[in-house]
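Asks: Model the structure of this input:
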Amino acid sequence: FHVMQHALRHMQTLDRGKIVNIASTAGKWESPNQAAYNASKHAVVGLTRCTALENAARGITVNAICPGFVDTDMIDQFKDHADRAGMDFEAFKAATIARVPMGRILEPAEIAHLAVYLASPESDGMTGETLTISGGMRMG
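Replies: Predicted coordinates for the structure are as follows:
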């Protein structure tokens with residue numbers, strides 16, 4: 001929020017700019033035992049939409065990416081979820097991947113490519129959008 005406010009002050013003097021926020025599929029849908037995490041991601045989506053609306057006339061676009069499961073250090077947090085579910089971590093991870101129609105966890109580069117698109121002139125007509133990239137796990 002504070003970084004975006006600081007960047008916006010500069011972008012507003014130029015009447016142009018691009019902001020790409022990273023949320024999560026948790027910012028668009030519910031999930032059990034993650035109320036605080038989901039609330040924070042819903043806040044990023046709402047912040048993106050409001051900021052996009054407030055700055056569209058100035059040539060500033062604001063969009064968000066909502067990734068599903070990505071192969072990052074965050075995957076290690078699944079160990080806690082597995083423990084709570086009484087499952088072996090590898091079995092829990094396999095069950096999680098089974099929920100993804102593409103049958104795999106996303107690579108960080110896939111999220112980066114989408115961010116590059118949103119920061120490029122090709123996305124100039126897009127603002128206030130939240131794009132989901134989840135291997136088909138969450139559609140819409």
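Asks: partners of whichever strand in the chain runs longest in the sheet?
Replies: Counting residues, the longest strand found in the chain (DSSP state E) is strand 60-67. Strands that pair with strand 60-67, judged by DSSP bridges, come out as strand 17-22 (parallel), strand 130-133 (parallel).
Asks: Please save the CA atoms from it in PDB.
Replies: Listed next in PDB are the C-alpha coordinates belonging to strand 60-67 (Å, rounded to 0.1, in the frame of the first residue of the first chain):
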ATOM      1  CA  ILE A  60      -2.200   4.800 -15.000                       C
ATOM      2  CA  THR A  61      -3.200   1.200 -15.000                       C
ATOM      3  CA  VAL A  62      -3.400  -1.000 -11.900                       C
ATOM      4  CA  ASN A  63      -4.000  -4.700 -12.200                       C
ATOM      5  CA  ALA A  64      -3.400  -7.800 -10.000                       C
ATOM      6  CA  ILE A  65      -2.200 -11.300 -10.500                       C
ATOM      7  CA  CYS A  66      -3.800 -14.100  -8.500                       C
ATOM      8  CA  PRO A  67      -1.600 -17.100  -8.700                       C
END
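Asks: Just the mean pLDDT for it, thanks.
Replies: The average pLDDT within strand 60-67 is 98.
Asks: quick one: buried residues of the following helix or strand past it?
Replies: Counting by DSSP states H and E, the element after strand 60-67 in chain order, helix or strand, is helix 78-85. Residues Phe78, His81, Ala82 are the ones in helix 78-85 that count as buried (16 or more other C-beta atoms under 10 Å). Yep, even glycine has a C-beta here, placed from its N, CA and C like the rest.
Asks: Pull helix 78-85 out as CSV, backbone CA atoms only.
Replies: Presented in CSV, the C-alpha positions along helix 78-85 are these (Å, rounded to 0.1, in the frame of the first residue of the first chain):
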residue,chain,number,x,y,z
PHE,A,78,2.1,-26.8,3.4
LYS,A,79,3.9,-28.9,5.9
ASP,A,80,1.8,-27.3,8.7
HIS,A,81,-1.4,-27.9,6.7
ALA,A,82,-0.3,-31.6,6.3
ASP,A,83,0.4,-31.9,10.0
ARG,A,84,-3.0,-30.5,10.8
ALA,A,85,-4.6,-32.9,8.4
